[in-house]
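Participant: here is a sequence together with a model predicted from it:
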Amino acid sequence: MTKKPWRAGKDLSAVVENMEIGTGQRGDGRHAFVTREELVGLKLARRRTSGGAAYALNPGIEMDSSVMVVDFPSKPQNFKATGGFGSVLLEWDMPNYRGHSLTEIWRGTEDDLSDAVLVATTPGQVYGDPVDPGWSGFYWIRFVNAAGVKGPWNAVKGTPAQTQISVQAIIDQIKEEAAKSPVVEELRKEIKNAQGQAVKDAAIETTEVVGNLREETLKTIGGIDTRVTGMNKSTSEELNKVNERITKVDKEGGEAFLAMWSKKTGVEGITAGIGIVAGKDGEGKPVSQVAISASQLFVFDPNNPDNTAYPFAVSGGKVVIPQSDDL
């Protein structure tokens, strides 16, 4: 007969001894009290929500019902990869076998499953894989159940994906190419040379005109009767010469400007240039046209080399226009 752990009696010593046994302070603890909260924690009971403040319990869950049946993972279906600018969106059908836990996502730069690496796991059916713009590669997935068993791959052949180059990357590339463009340097030299030559020619012509006027004026001092006539004639002739020289300077400057913007031919027949048309059509209406032959267009200020604008770019047959804050 097993001895009872409790001490009978109503005296203070008996009450103290029984409380010490119940709280585990006396003995080996086998007879310690078990609280309702401990029963809920052991899932031997469930707390019942009630309107009052009382702590009520419902019967616990049977152990047999908590055992989950796990099936072997099925093969993923309808797996696809869509490339964006800086990530690849992966999608597939949610599996319907019992005990599904997660999906493994593998990635490789070549279509070779043996070289692929595990990049992520997810319990869902959609995943965004962050990669660099302009990246290309292949993906594989497989399901894993709650027991850790891994199922078959979606396919032996990888699913290809490729990300697009960002708009900012295209703009940065154009800026870099424009900064190294020989056209910009050539045009700056031609503009500088044309301006310097025009000033030099104008100074030479002005000096010649002043010398001729001085010479003619001295010649007319010897004759009072012919001085006025000679001065008028000489002055008229010199003024005509000045006008002719100014016209010549303007003409040469205009021709130099047109030559600078004439059509240029590159290697292997690749051409680039600009054409300007100003005239009238068959009905006599004014027509002015500007045609540009180039795959990239940028505008620069010759007086401020760092001030360069990029209105748009042509990449792969498509026109890319940056936002206003990118210009």
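Facilitator: Here it is on my side, so go on.

Participant: show me the domain layout of the chain.
Facilitator: Domain segmentation of the chain under the TED database yields 12-59, 77-167, 181-246.

Participant: where does Glu176 land in three-state SS?
Facilitator: Taking DSSP: H, G, I helix; E, B strand; the rest coil as the rule, one finds Glu176 in the helix state.

Participant: quick check, pLDDT for it.
Facilitator: Per-residue confidence at Glu176 stands at 71 (pLDDT).

Participant: how much space separates it from Ile170?
Facilitator: Glu176 is 11 Å from Ile170, where distance means CB to CB, to the nearest Å. C-beta coordinates here come from the backbone N, C-alpha and C atoms, glycine included.

Participant: helices of the stretch 1-150 of the chain, start to end?
Facilitator: Taking DSSP state H, counting those that start in this stretch, the helices of the stretch 1-150 of the chain run over residues 12-22, 36-41.

Participant: make JSON lines out of those helices and add mean neighbour count.
Facilitator: What follows is those, written out as JSON lines (neighbours: other CB atoms under 10 Å):
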{"stretch": "helix 12-22", "mean neighbour count": "14"}
{"stretch": "helix 36-41", "mean neighbour count": "13"}
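
Participant: ok, of the ones you listed, where does mean pLDDT dip lowest?
Facilitator: helix 36-41 - the lowest mean pLDDT of these, at a mean of 77.

Participant: alpha carbons of that one, as PDB, please.
Facilitator: C-alpha atoms of helix 36-41 as PDB (Å, rounded to 0.1, in the frame of the first residue of the first chain):
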ATOM      1  CA  ARG A  36      -4.600  24.900 -15.500                       C
ATOM      2  CA  GLU A  37      -2.200  27.000 -17.400                       C
ATOM      3  CA  GLU A  38       0.300  24.100 -17.400                       C
ATOM      4  CA  LEU A  39      -2.400  21.800 -18.800                       C
ATOM      5  CA  VAL A  40      -3.000  24.300 -21.700                       C
ATOM      6  CA  GLY A  41       0.700  24.400 -22.300                       C
END
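
Participant: which helices and strands sit right next to it?
Facilitator: Judged by 3 or more CB pairs under 8 Å, 6 or more residues apart in numbering; DSSP states H and E, the packing partners of helix 36-41 are strand 45-48, strand 56-59.

Participant: redo the helices of the stretch 1-150 of the chain as a markdown table? Include distance to Asp71.
Facilitator: Below are the helices of the stretch 1-150 of the chain laid out as a markdown table (distance: least, CB to CB, whole Å):
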| stretch | distance to Asp71 |
| --- | --- |
| helix 12-22 | 48 |
| helix 36-41 | 31 |
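
Participant: for those, which one sits closest to Pro286?
Facilitator: Pro286 lies closest, by CB to CB, to one member of these: helix 36-41, at 92.3 Å.

Participant: if we can go back for a sec, who's more crowded, Glu176 and Ile170?
Facilitator: Ranked by neighbour count (other CB atoms under 10 Å), Glu176 and Ile170 place Ile170 first, with 21 against 10.

Participant: check which helix or strand covers that one.
Facilitator: When elements are assigned from DSSP states H and E, Ile170 belongs to helix 167-179.

Participant: and the helices and strands packed on helix 36-41, which one averages the lowest pLDDT?
Facilitator: Ranked by mean pLDDT, the helices and strands packed on helix 36-41 end with strand 56-59 at the bottom, a mean of 64.

Participant: roughly how far apart are Glu17 and Asp129?
Facilitator: Applying CB to CB, the value for Glu17 to Asp129 is 67 Å.

Participant: whoops, I mixed them up, Ser101
Facilitator: Relative to Asp129, and taking CB to CB, Ser101 is found at 20 Å.

Participant: so for these two, which sits in the more crowded spot?
Facilitator: Neighbours were counted for Ser101 and for Asp129 using other CB under 10 Å; Asp129 has more, 19 against 15.

Participant: burial measure for the closest residue to that one other than its chain neighbours, as a count.
Facilitator: The shortest distance from Asp129 to any non-neighbouring residue, by CB to CB, 6 or more residues apart in numbering, is to Val88 (4.7 Å). For Val88, the count of nearby residues is 22 (other CB under 10 Å).

Participant: tell me who's in contact with Val88.
Facilitator: Counting by CB atoms under 8 Å, 6 or more residues apart in numbering, Val88 makes contact with 81-82, 128-129, 131, 139, 161, 163.

Participant: ok, now Phe79?
Facilitator: When contacts are counted by CB under 8 Å, 6+ apart, Phe79 is found next to 90-92, 139, 141, 154-155, 159.

Participant: again, only using 7 Å
Facilitator: Phe79 makes contact with 92, 141, 154, 159 under the criterion CB atoms under 7 Å, 6 or more residues apart in numbering.

Participant: any idea how far it is from Ala155?
Facilitator: Distance from Phe79 to Ala155, by CB to CB: 8 Å.

Participant: before we move on, what about Arg7?
Facilitator: Taking CB to CB, one finds Arg7 at 75 Å from Ala155.

Participant: from what I see, Ala14 and Trp6 are in contact.
Facilitator: No - at 8.6 Å, Ala14 does not count as touching Trp6 under the criterion of CB atoms under 7 Å.

Participant: residue boundaries of the strands in the stretch 1-150 of the chain?
Facilitator: Here the stretch 1-150 of the chain has its strands, by DSSP state E, counting those that start in this stretch, at 45-48, 56-59, 80-83, 87-91, 100-108, 117-122, 126-130, 136-145, 150-153.
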